[in-house]
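Engineer: Just need the structure, nothing else, for what follows:
(2 chains)
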Number of protein chains: 2
Amino acid sequence: MSVFSGRTWWKRAASWLVAGFVAWGATGCALLSGTDPLPSWSDGPARQAIIDFVDDVTRDGSPNYVPPAQRIATFDNDGTLWVEQPMYTQFAFMIDQVKAAAPRNPQWADNPVYKALAANDLKGALALGEKPLLDLLVQANSGMSVEEYDRTVRQWFATARHPTLKRPYTETVYQPQLELLSYLRAKGFKTYIVSGGTMEVMRPWTQEVYGIPPEQVVGSSQGVAFDGKSLMRQPKLDFINDGPGKPVGIYMHIGQQPILAVGNSDGDLQMLQYATTGPGRRLGVLVHHDDGEREFAYDRQSPFGKLDKALDEAPRRNWVVISMKKDWKQIFPGKP
Amino acid sequence: MSVFSGRTWWKRAASWLVAGFVAWGATGCALLSGTDPLPSWSDGPARQAIIDFVDDVTRDGSPNYVPPAQRIATFDNDGTLWVEQPMYTQFAFMIDQVKAAAPRNPQWADNPVYKALAANDLKGALALGEKPLLDLLVQANSGMSVEEYDRTVRQWFATARHPTLKRPYTETVYQPQLELLSYLRAKGFKTYIVSGGTMEVMRPWTQEVYGIPPEQVVGSSQGVAFDGKSLMRQPKLDFINDGPGKPVGIYMHIGQQPILAVGNSDGDLQMLQYATTGPGRRLGVLVHHDDGEREFAYDRQSPFGKLDKALDEAPRRNWVVISMKKDWKQIFPGKP
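Structural biologist: Numbering: from 1, shown residues only, chains lettered A, B, ... in the order given. Okay, here's the model as predicted:
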């Protein structure tokens, strides 16, 4: 993940440009030559429903044709584009910032939330209530300029490893979804991330990993304030882009309704409802984590990525449910 | 302004696409053939400084070269891209919504702010304080879905006329700025609006008028909430994208620092400070309203678009100050 090390921004930008051409080139050539643009997807109803939808809204003369400017596709991130177990990567990062900031904050020594986190007892920290945990996290992740924070994010992603998958977090992304993102873009869609995670922890790496530039990343955010020179991070949450917040975030950032939304949890329920209500053909997609062997198996009771109401609503609304076990031949890049 | 009447969205989209090609074509051809891409700008230091800057950051081999992904240009709207006198167009629109909603709100009859607005006495309404006025405006502009509101905006712009210029508001835009926007885009810039006005009142027409799509319009916003089917407008302001709020809005929406910012008032001061602080070559530009004959002459004392601190700061920071009188041969489209 050399992008996160000391290379200058223009070198990174050049590599992104090249990566963009390569990514488009592969998918574009696949489409032109008739080879499979979704090689990691098994033949089956999920894959077929997605391809049918895309063909129908992009084919000249189709009664459901949608012009490129309205081809908006929104993707949740955690559990939809990459792994969210055993906890959201965002939390792993923010907790590491608590530990890093502890020497400057001796008053935390008596804080039971801090004590639990310092002992790597996330369950214990969560048991003390969501608010005290969030308060400590946003405090530790504030007080610096947005540029300093951006550097911290890049450095962390360059070195941190997923605890059980033993690889950089940016390699815990799903290969079939990388193919789907490229396929949609080759078909004239604009692809957005719409995540409960904070924008500032995603934007430094989404272009390289997903081909999605910073301005197409919609997420939660911690407050920032301008001091005449820099934007300084404030110790408060500004917006929570989750559940009913997702349609709000989409409206504020994009100003248009998506025609395709992909999620995996009840936090994505309202995004899928919003995207699939209204005139014209629309599609909702849910990723179902049912592959305990290659990834993680969970749904209705999971503390992270709980999928309950949305799973019940899917058949009533004709949302596509992807079985990771059956529909994806390969889960992660480079390891078939 | 047929775009605001009953044509379907796909016809509008098609006309935008055509308009986009035409706009690019004109500027692109001007650049290729060596003809002037800024014909409404007089030869002078302002025009020269802008062209020098653009050449310097876009020329291959320039020490100040900036790759396309970082060529972010942000423009204020009121007073920068279009007329803001005798009052912000946003206010004219919202006050008309107060009048339209009055029959459904008999309780307003005793509200002194309402009485002043009903008598077209904006000065009197403002004298009662900013908060009671804003409260009434956001109340009258809430309670409907975002789609209904969008239709209301389009209908209003299709029929309303500027009180003294006697033309549709979308024709009170500045011809030299339309040329500058096209020129920048032809040079690989991504052009954004960053306005104190609300996004929802601008987005329905910015693509056709400025060539700027909805997702590149950053502004203030009234709250919205998702009811399971629609986003409903709430009677409260959600974010004020003015003054120190502008760098915040830019960070949240774009996630990158602009290298060029154009404004005209103290409400743009922090946007210009933000854009022109940091590594690499950067440019701040202020439009100075000094042409009382062709437009309006005002600066330090104006209730709308006051330009005082920013005008003092401009020479210290090498910001370009555009004299509308001297630097612009033509103010409005179609009327040289």
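Engineer: Give me the contacts around the helix or strand where A:E148 lies.
Structural biologist: Under the criterion of DSSP states H and E, A:E148 resides in helix A:146-159. Helix A:146-159 is contacted from outside by A:1, A:3-5, A:93, A:96-97, A:141, A:144, A:168-170, A:200-201, A:203-205, A:224, A:230-233, B:251, using CB atoms under 8 Å, 6 or more residues apart in numbering or on different chains. C-beta coordinates here come from the backbone N, C-alpha and C atoms, glycine included.
Engineer: Restricted to buried residues, select these in PyMOL.
Structural biologist: Selection of buried members from these for PyMOL, criterion 16 or more other CB atoms under 10 Å in any protein chain shown:
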select buried, (chain A and resi 3+4+93+97+141+144+168+169+170+200+201+203+204+205+224+230+231+232+233) or (chain B and resi 251)
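Engineer: And the helix holding A:E148, what's buried?
Structural biologist: Of the residues in helix A:146-159, A:V146, A:Y149, A:D150, A:T152, A:V153, A:R154, A:W156, A:F157, A:A158 count as buried by neighbour count, 16+ other CB under 10 Å.
Engineer: can you list these in a markdown table and add distance to A:T58?
Structural biologist: Listed next are the buried residues of helix A:146-159 as a markdown table, based on distance: CB to CB, whole Å:
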| residue | distance to A:T58 |
| --- | --- |
| A:V146 | 37 |
| A:Y149 | 39 |
| A:D150 | 36 |
| A:T152 | 41 |
| A:V153 | 35 |
| A:R154 | 36 |
| A:W156 | 39 |
| A:F157 | 34 |
| A:A158 | 38 |
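Engineer: what residues does chain A put near chain B?
Structural biologist: Contact residues, chain A versus chain B (CB under 8 Å from any CB of the partner chain): A:9-10, A:13-14, A:16-17, A:65, A:67, A:69-70, A:146, A:199, A:203, A:207, A:213-215, A:217, A:221, A:224-226, A:228-231, A:238, A:244, A:247-248, A:251-256, A:270, A:273-274, A:277.
Engineer: from those residues, which ones fall inside strands?
Structural biologist: Under the assignment DSSP state E, the residues of chain A next to chain B contribute A:V217, A:S221, A:V224, A:A225, A:F226, A:L231, A:D238 to strands.
Engineer: Show me where the stretch 1-150 of chain A has its strands.
Structural biologist: A:72-75 (DSSP state E, counting those that start in this stretch).
Engineer: Any stretches of it with poor pLDDT?
Structural biologist: A:1-33 (pLDDT under 70).
Engineer: before we move on, the earlier item: select from the ones in strands among the residues of chain A next to chain B the one having the most neighbours.
Structural biologist: Among these, the one with the most neighbours (other CB atoms under 10 Å in any protein chain shown) is A:V217, at 25 neighbours.
Engineer: Hmm, A:R203 and that residue touching each other?
Structural biologist: Yes: counting by CB atoms under 8 Å, A:V217 touches A:R203, with 5.1 Å between them.
Engineer: Common neighbours of these two, please.
Structural biologist: Common contacts of A:V217 and A:R203, defined by CB under 8 Å, 6+ apart, comprise B:G255.
Engineer: Now tabulate the ones in strands among the residues of chain A next to chain B in JSON lines and tack on pLDDT.
Structural biologist: Compiled in JSON lines, those are given as follows (pLDDT from 0 to 100):
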{"residue": "A:V217", "pLDDT": "98"}
{"residue": "A:S221", "pLDDT": "97"}
{"residue": "A:V224", "pLDDT": "98"}
{"residue": "A:A225", "pLDDT": "98"}
{"residue": "A:F226", "pLDDT": "98"}
{"residue": "A:L231", "pLDDT": "98"}
{"residue": "A:D238", "pLDDT": "94"}
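Engineer: who are the neighbours in contact with the residue nearest the centre of chain A?
Structural biologist: The centroid of chain A falls nearest to A:N77 when counting by CA atoms, centre = their mean (1.6 Å). By CB under 8 Å, 6+ apart, the contact list for A:N77 reads A:I193, A:S195, A:G196, A:G197, A:M202, A:G219.
Engineer: and if we set it to 6 Å?
Structural biologist: For A:N77, the contacting residues are A:I193, A:S195, A:G197, by CB atoms under 6 Å, 6 or more residues apart in numbering or on different chains.
Engineer: Who wins on neighbours among these?
Structural biologist: Counting by other CB under 10 Å, top hit in the contacts of A:N77: A:S195 with 30 neighbours.
Engineer: quick one: it is in a helix?
Structural biologist: No: counting by DSSP: H, G, I helix; E, B strand; the rest coil, A:S195 is not found in a helix; it is strand.
Engineer: Find the nearest non-adjacent residue to it, please.
Structural biologist: Spatial nearest neighbour of A:S195, excluding adjacent residues (CB to CB, 6 or more residues apart in numbering or on different chains): A:N77 at 3.8 Å.
Engineer: Next, that neighbour: phi, psi?
Structural biologist: phi -100, psi -70 (degrees, to the nearest 10).
Engineer: ok, so what distance separates it from A:D327?
Structural biologist: A:N77 sits 19 Å away from A:D327, going by CB to CB, to the nearest Å.
Engineer: repeat for A:W82
Structural biologist: Relative to A:D327, A:W82 is positioned 17 Å away (CB to CB).
Engineer: Which of those two has more residues huddled nearby?
Structural biologist: Remark: of A:W82 and A:D327, A:D327 carries more neighbours, 23 against 19, as counted by other CB under 10 Å.
Engineer: ok, that one - contacts?
Structural biologist: Contacts of A:D327 by CB under 6 Å, 6+ apart are A:S42, A:G44, A:A46.
Engineer: Give the buried subset of the residues you listed as a ChimeraX selection command.
Structural biologist: To isolate in ChimeraX the members of the contacts of A:D327 that are buried, counting by 16+ other CB under 10 Å, one can use:
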select /A:46
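Engineer: mind listing what whichever residue of the stretch 101-250 of chain A sits closest to chain B touches?
Structural biologist: Minimum separation of the stretch 101-250 of chain A from chain B (CB to the nearest CB) falls at A:P214, amounting to 3.4 Å. For A:P214, the contact set (CB under 6 Å, 6+ apart) comprises A:R203, B:G255, B:Q256.
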